[in-house]
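Visitor: what follows is a predicted structure for the sequence shown.
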Amino acid sequence: MEQTEKINVEHFTELLAKFIALLVIRLPDDVMAKLAELSQRETSPLGRVLYEAIKDDLSLAAQLKRPLCQDTGILQFTVRVGSNFPWRNKVSEVLRQAVLRATREVPLRPNAVEIFTHVNSGNNTGTRIPWIDWAVIPDRDDIYIYGYVAGGGCSLPGTAKVFMPLEGLEGVVRYIFDQITSYGINACPPLLVGVGLAGSMDVAAKLSKTALLRPIGTSNPDAATADLEQRLTDGLNALGIGPGGLGGEASVLGVHVEQAARHPATLAAAISTGCWALRRALIRLDADLNYEVLSHKGAVL
Ligand code: SF4
């Protein structure tokens with residue numbers, strides 16, 4: 001690697017290590033705003049205590065520059081790379097190096113455990129981890145990287161099921177309520193519920209995760225899907241799960257649904273949940289590695 005290229009790759013790695021630090025220390029603007037709104041609306045005394053504890057936690061994390069939750073998760077990245085981005089061949093390795101560096105420097109709890117040996121690498125990297133989901137955007141020279149912290153109690157125990165189409169959306173809605181009232185309660189509510197609907201489990205699962213990346217407060221552009229999102233939000237809130245599952249006004253930060261056309265014989269649904277500590281961030285870098293953190297206004301790396 002020639003000297004200028006080496007310097008640029010080092011700079012790219014340093015930026016992404018700092019981006020990961022931001023991701024685990026500070027919640028994105030949309031989640032902060034929603035938590036503030038829900039805390040204002042909370043009437044249950046225990047619920048109010050929980051929101052105060054969340055506020056203290058967030059301010060201590062910012063002050064001490066420490067992760068806002070002990071579970072710093074498995075790091076997952078969704079990368080939308082321009083076909084002309086000059087550093088596209090380096091992105092995988094840069095992300096891996098950035099994870100290693102952030103694990104040492106922030107520090108992050110090591111969470112990458114190999115399936116058969118049960119060995120924890122101690123550095124948050126392992127087989128196919130950090131996980132990277134790729135898409136190439138033609139004729140562009142920039143890159144968008146979503147970072148996501150998938151915690152062991154919230155996003156990682158997602159679930160999926162393939163229904164007979166005759167069970168219809170009623171079957172899907174029953175399934176969502178069953179899941180949220182069982183494992184969802186343990187996932188540190190209020191939750192962002194991501195639902196994927198498709199013809200197969202793999203597509204539904206991927207869409208349920210895509211749904212979590214969409215900013216809170218936005219609706220699916222399709223009117224019927226947006227209507228389902230609103231009904232699910234109202235219905236889950238009416239359960240009164242409340243912050244921490246201890247009872248209160250809101251069970252969810254929101255419900256986001258993404259869909260793909262299905263096969264006539266199948267209707268697959270998948271659920272991914274983000275907890276109140278919904279740590280996701282989005283950065284855009286141009287060809288010269290100038291950056292903007294789109295999820296955290298004013299953030300300087
Ligand atoms: S569910 Fe979220 S807030 Fe609760 S321990 Fe897991 S990562 Fe932390």
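Guide: Thanks, I have it. Numbering: from 1, shown residues only.
Visitor: and whichever strand or helix holds Tyr146, which residues are buried?
Guide: Element membership for Tyr146 (DSSP states H and E) is strand 143-150. Neighbour-count burial for strand 143-150, counted by 16 or more other C-beta atoms under 10 Å, picks out 143-150. C-beta here means a position set from N, CA and C on the backbone, and glycine is covered the same way.
Visitor: and for the very next helix or strand once past it, what are the contacting residues?
Guide: Heading C-terminal from strand 143-150, the first helix or strand you meet, by DSSP H and E, is strand 159-163. Among residues not part of strand 159-163, those counted as contacts by C-beta atoms under 8 Å, 6 or more residues apart in numbering are 171-172, 175, 179, 183, 196, 200-201, 204-205, 208, 266-271.
Visitor: in this structure, where's the longest helix?
Guide: If you go by DSSP state H, the chain has its longest helix at helix 3-25.
Visitor: can I get the very next helix or strand once past that helix in CSV, CA atoms only?
Guide: Sequence-wise, the next helix or strand downstream of helix 3-25 (DSSP H and E) is helix 29-41. Extracted as CSV, the C-alpha positions of helix 29-41 are listed here (Å, rounded to 0.1, in the frame of the first residue of the first chain):
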residue,chain,number,x,y,z
ASP,A,29,-31.7,12.3,17.9
ASP,A,30,-35.0,10.6,17.0
VAL,A,31,-34.8,8.2,20.0
MET,A,32,-33.8,10.9,22.4
ALA,A,33,-36.8,13.0,21.2
LYS,A,34,-39.2,10.1,21.5
LEU,A,35,-38.0,9.2,25.0
ALA,A,36,-38.4,12.8,26.1
GLU,A,37,-41.9,12.9,24.7
LEU,A,38,-42.9,9.6,26.4
SER,A,39,-41.4,10.7,29.7
GLN,A,40,-43.5,13.9,29.6
ARG,A,41,-46.6,11.8,28.9
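Visitor: show the buried residues in the contacts of strand 159-163.
Guide: Among the contacts of strand 159-163, those that count as buried by neighbour count (16+ other C-beta under 10 Å) are 171-172, 175, 179, 183, 196, 200-201, 204-205, 208, 267-271.
Visitor: so for Ile185, what's the pLDDT?
Guide: Ile185 carries a pLDDT value of 81.
Visitor: brain fart, Ala299
Guide: 97.
Visitor: pretty sure it contacts Leu27?
Guide: No. Under the criterion of C-beta atoms under 8 Å, Ala299 is not in contact with Leu27, lying 11.6 Å apart.
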